[in-house]
Every structure is written in structure tokens, then in C-alpha cells.
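[1] would you be able to build a 3D model of this:
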Amino acid sequence: MEIIETSIPGLLIIKPQVFEDDRGYFFESYNRQKFLQAGIAVDFVQDNESKSQKGVLRGLHFQRPPFAQGKLVRVMKGSVLDVAVDLRKGSPTYGKWESIILSDSNKFMYWIPAGLAHGFLTLEDGTVFFYKCTNIYNKDSEGSIRWNDPDLNIDWKWEDEPILSAKDKVAPFFREFDSPFVFEP
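    Okay, here's the model as predicted:
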């Protein structure tokens, strides 16, 4: 398992070691000991899965404390452009974003620590997205930032209008957001 740091502190790309032969493939999608060695000392308490058609954009979502969530995300079928935005006050990358293509062929994972907003755009029909969370979902703690916020200026690498939920269409803009998250180096 290879763990790669990004420009956002704590946001990590995880490349599993994949063993393939004529029967198919095998890889560890989670190994507590290896995550601890990489400094990811968390307990996962909830798994989520979604299936989406091509062009669906989900996000940018987060959970406010005390229900803030770290997420380990990956694609089981299809592909997505996955985006994380730093919402932690005091972070050297506050308001900055990173993106990566996650797919069933590259099998990469993204570790998104609590305090980052998360969203993804599906690039193929029937995309199945999976994530492990460090806290349970709490409706009263959910929050979001507008996917096309002009201050964030995220390059979704998509020409067409994405398919959005009613909630995501009217999410607040970043400049309206008073972050409850604090950066802890």
C-alpha cells in the first residue's frame, strides 16, 4: 500500500497493492495497522454506498462537529472526479481544493479527514461509490458548499450541466460559510 500526501495537510491518496492473475484481482481496501503507521488513527463506524448515472455531481458535503466525519472513499465500479476542499480555519490551505480520478481500474482511495468538504462527479453510467466514515450521519449536522462556487473555482473538467439534487443546487456559497472546523497540525 502506497500512501501519497497531497498539498492539503492530511488529505491522502492511497494506492493499494493489487494482485492480478487470470482469475481476477485481490487487494486490501483497508488495513488498520498500515493506516496507523501512516498516521491515520481512526475508527470507522459507518459504511455508505451510492450508485449514480454519468454526470451526477454529489457535494460538496460535510458534517459539523460533534458529528464531523473523516472518509475513506473509493470507486467499486465506474469512475469519478473526486474533490476535497479544506474548511479548517488556520490551515495553510483553507479554501483550497484537490481532485483525483478514482476508478475501478486504478483502485485508488482518498483519505479525506474531518474538516474537509467532499464531492464527486460520476464519469460513467452505473458508477458505484463506497466510503467508510469515522462518525455516524446526523441530519442536523449536515452542511454543504455550492459545487460551482466562484471563490473556490473548482475545475470539474466537465462541459455539460451536472445532475444535482435539489439541496445541492441551492447550497450556500463559500463566502457565506462560517467554518466550525479548526486546523490541528
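[2] what ranges do the strands span in the protein?
    Taking DSSP state E as the criterion, the chain carries its strands at 2-5, 12-15, 19-21, 24-26, 46-52, 57-63, 71-77, 79-86, 97-103, 109-112, 116-122, 127-133, 142-144.
[3] of these, which approaches residue 33 most closely?
    Ranking those by distance to residue 33, with C-beta to C-beta as the measure, places strand 2-5 first at 13.0 Å. (C-beta placed from N, C-alpha, C; glycine too.)
[4] what lines up beside that closest one in the sheet?
    Paired neighbours of strand 2-5 in the sheet (DSSP bridges): strand 12-15 (antiparallel).
[5] just the CA coordinates for the partner strand, please, in PDB.
    The C-alpha trace of strand 12-15 is given here as PDB (Å, rounded to 0.1, in the frame of the first residue of the first chain):
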ATOM      1  CA  LEU A  12      -4.000  11.400   1.300                       C
ATOM      2  CA  ILE A  13      -4.100   9.300  -1.900                       C
ATOM      3  CA  ILE A  14      -3.900   5.600  -1.100                       C
ATOM      4  CA  LYS A  15      -2.700   3.200  -3.800                       C
END
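[6] now it: buried residues?
    Buried residues in strand 12-15, counted by 16 or more other C-beta atoms under 10 Å: 12-14.
[7] just stretch 133-150 next, same as before
    Judged by neighbour count (16+ other C-beta under 10 Å), stretch 133-150 contains these buried residues: 133-135, 141, 143-149.
[8] follow-up on the earlier one: name the nearest of the buried residues of strand 12-15 relative to residue 112.
    Distances from residue 112 to those, taken by C-beta to C-beta, are shortest for residue 12, at 8.6 Å.
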